[in-house]
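**Student:** Quick one: sequence plus predicted model below, questions after.
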Amino acid sequence: MKVIPLPGSLDYRTIDQLIETSSEAAGAKVLLDARHLRWIDPVGMIGLLSTGLVLREESGSPAALQLPESGEVLSYLSRMGFGEAAKEVFEGSLHLPRRSGGSSDVMLELTRVEQNQDVHRVVESVHDRAGTILSRTLRYPPTAVVQFSVILSEVCQNILEHAEAPGWVAAQTYFWKKRLGREVLVIGVGDVGRGFKGSLEGEYSGRFADRWGDAAALEAAFIHGLTRFPDQGRGHGIQQIRKQVRRWDGAISIRSGTARIADVPDWEELPPLEDGLAPFPGAQITIILPARSLEEVG
Amino acid sequence: MRAQNDPQLDAFAIDVQRLLERSVANLYSHLVTRPTGRAVRLAIESQLEELGTPALSLVDLSSVEILDYSCADEVVAKLILGSTVRQGVTFIVLRGVRAHHRDPIEAVLERHRLAVVAETSQGHFEMIGSGSEGEREVWTSVQKCGCIPVAEIELLLERANEPEALETLIERRLLFRHPHGDVHALSTLIRTEL
């Protein structure tokens, strides 16, 4: 059995480490060792679940997951609904603390997106909680709750329309004391479907000729709004999400296959386009929305 | 139903929220996702088919809180596109368009190079979507007057920077030309009780 240790912090900045080390497992039976995990965000959770699915697919049997030792992390994973999602992915039963029945500080628990009705469920669920978090924590105007719900709806539909495989979505706020000195809302969306290259290949690979690959496919969808559907009304989603995220001084990135494309403000250092990353199926979308500063609010 | 000031149009009001509840089994309260939008549009089109032509359809969004881009494309853009190929003539006016509906509606209309007449507050109508400056200028002139009698159209065109805009607006079903030649703003064709 190959043991793959998880980084101490598993988030959108470190997820590549997990993808890279797990890609070296080459079909072996794997134990993902999360004992020393001290921090995980929605992107990390979805990345961990997706890695589990990929390992299961490659080896023909589910990977084992050694849970974190930190009680705080275990409790957080439980509140985010990680246990329910993980039991379909990893070997054996995972013993996470039981979720309390009371109100939760979680913006959106890990939610599986497989059908149209899942998107409705996400929007309904978030709409009830998002108002307070967006206005009090992020200091966004009251109308932001609608725009935020639209972002979630469009980003989840990306899974349904392009991945042809189920995916997950989750969102949570954190205080980024060192990096930004402000609260941020992190949204993670991911699937292990056919990815942007697979989705667009039939329509556009010829047009891009030698340049065709994961990076070109991401550019086509992210920058130019291209979609495999001949319908002129398609391809809005990502374009409009980018526009709204920019208005809120937020960051958005999509990793698919061996490439990542990003639209980031000054406070984030992700390069606009990366290629040659460790291959990973599907698409992993990260959106980070920072709180408005008191000066911005006025 | 015959509209009040005899423009020879059947007028029909459609509450999108009610249709949403009826079309998608009353499970959802928000206009999100493409399949939901498609179901609502098909329900609207099925109601329109029962009307005589020309007909005016008042699509009421006032109870719709969340409208995403995919749904706006299906419910607004494709409804307008369909109205131009449907047998007979259908005019579409949106009612209850609030600030947070505008982004998705404008985005999908621009993408298809379409425009629509929308009531954005009580009694206030706007042409939203794609159109030249000249088209907006002529549309606004007709909207202000409500109706331009056939005898005054020449004068309107003389003052306009883009005289051909009037014909374009009529072709795009953003204005209605009575068989006698008078040109009506669509807002004047809506009966108050609708």
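**Tutor:** On my side now, so go ahead. Numbers count the residues shown, from 1 in each chain, chains lettered A, B, ... in the order given.

**Student:** Do a quick rundown of the strands in chain B.
**Tutor:** For chain B, the strands defined by DSSP state E occupy B:10-15, B:55-60, B:90-95, B:115-121, B:124-129, B:147-148, B:175-177, B:183-185.

**Student:** For those strands, give me TSV that also has mean pLDDT, mean neighbour count and distance to residue A:276.
**Tutor:** Heads up, the C-betas are built off the backbone N, CA and C, glycines and all. Conversion of the strands of chain B to TSV gives the following (pLDDT from 0 to 100; neighbours: other CB atoms under 10 Å in any protein chain shown; distance: least, CB to CB, whole Å):
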stretch	mean pLDDT	mean neighbour count	distance to residue A:276
strand B:10-15	61	19	53
strand B:55-60	85	23	49
strand B:90-95	90	24	48
strand B:115-121	95	21	46
strand B:124-129	96	20	43
strand B:147-148	92	20	64
strand B:175-177	92	23	57
strand B:183-185	93	23	59
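
**Student:** Dump those strands to JSON lines, plus distance to chain A.
**Tutor:** What follows is the strands of chain B, written out as JSON lines (distance: least, CB to the nearest CB, whole Å):
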{"stretch": "strand B:10-15", "distance to chain A": "19"}
{"stretch": "strand B:55-60", "distance to chain A": "17"}
{"stretch": "strand B:90-95", "distance to chain A": "16"}
{"stretch": "strand B:115-121", "distance to chain A": "14"}
{"stretch": "strand B:124-129", "distance to chain A": "13"}
{"stretch": "strand B:147-148", "distance to chain A": "33"}
{"stretch": "strand B:175-177", "distance to chain A": "25"}
{"stretch": "strand B:183-185", "distance to chain A": "28"}
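
**Student:** list the buried ones in the longest helix along chain B?
**Tutor:** Of all the segments assigned as helix in chain B under DSSP state H, the longest by residue count is helix B:34-49. Across helix B:34-49, burial judged by 16 or more other CB atoms under 10 Å in any protein chain shown covers B:34-45, B:48.

**Student:** Also stretch A:29-49?
**Tutor:** Along stretch A:29-49, the positions that meet the burial threshold by neighbour count (16+ other CB under 10 Å) are A:30-34, A:37, A:39-49.

**Student:** pLDDT-wise, which helix or strand of chain B ranks last?
**Tutor:** Taking mean pLDDT, DSSP states H and E as the measure, helix B:16-23 is the helix or strand of chain B with the lowest mean score, a mean of 57.

**Student:** Report the residue spans of chain B with pLDDT below the cut-off.
**Tutor:** Low-confidence regions of chain B, defined here as pLDDT under 70, cover residues B:1-29, B:52, B:84-88, B:191-194.

**Student:** If we use 90, what do you get?
**Tutor:** Low-confidence regions of chain B, defined here as pLDDT under 90, cover residues B:1-30, B:43-60, B:62-65, B:82-91, B:154-163, B:178-180, B:188-194.

**Student:** Next to chain A, which bits of it? Give me the list.
**Tutor:** Chain B has residues B:27-30, B:32-36, B:65-70, B:73-74, B:77-78, B:99-100, B:103-104, B:107-108, B:111-112 near chain A, with proximity defined as CB under 8 Å from any CB of the partner chain.

**Student:** Can you say which of those residues are buried?
**Tutor:** Among the residues of chain B next to chain A, those that count as buried by neighbour count (16+ other CB under 10 Å) are B:28-30, B:32-36, B:65-70, B:73-74, B:77-78, B:100, B:103-104, B:107-108, B:111-112.

**Student:** so how many other residues sit close to residue 140?
**Tutor:** All of this refers to chain A. When neighbours are counted by other CB atoms under 10 Å in any protein chain shown, residue A:140 registers 22.

**Student:** Actually, chain B is the one I wanted.
**Tutor:** If we define neighbours as other CB under 10 Å, then residue B:140 has 14 of them.

**Student:** out of everything not next to it in sequence, what's closest to it?
**Tutor:** Distances taken as CB to CB, 6 or more residues apart in numbering or on different chains put residue B:127 closest to residue B:140, at 7.6 Å, once the chain neighbours are dropped.

**Student:** Hmm, residue A:182 is touching residue A:294, no?
**Tutor:** No. Taking CB atoms under 8 Å as the definition, residue A:182 is not a contact partner of residue A:294, at 9.9 Å.

**Student:** Those two: which is more packed in?
**Tutor:** The residue with more neighbours, out of residue A:182 and residue A:294, is residue A:182; 18 against 9, by other CB under 10 Å.
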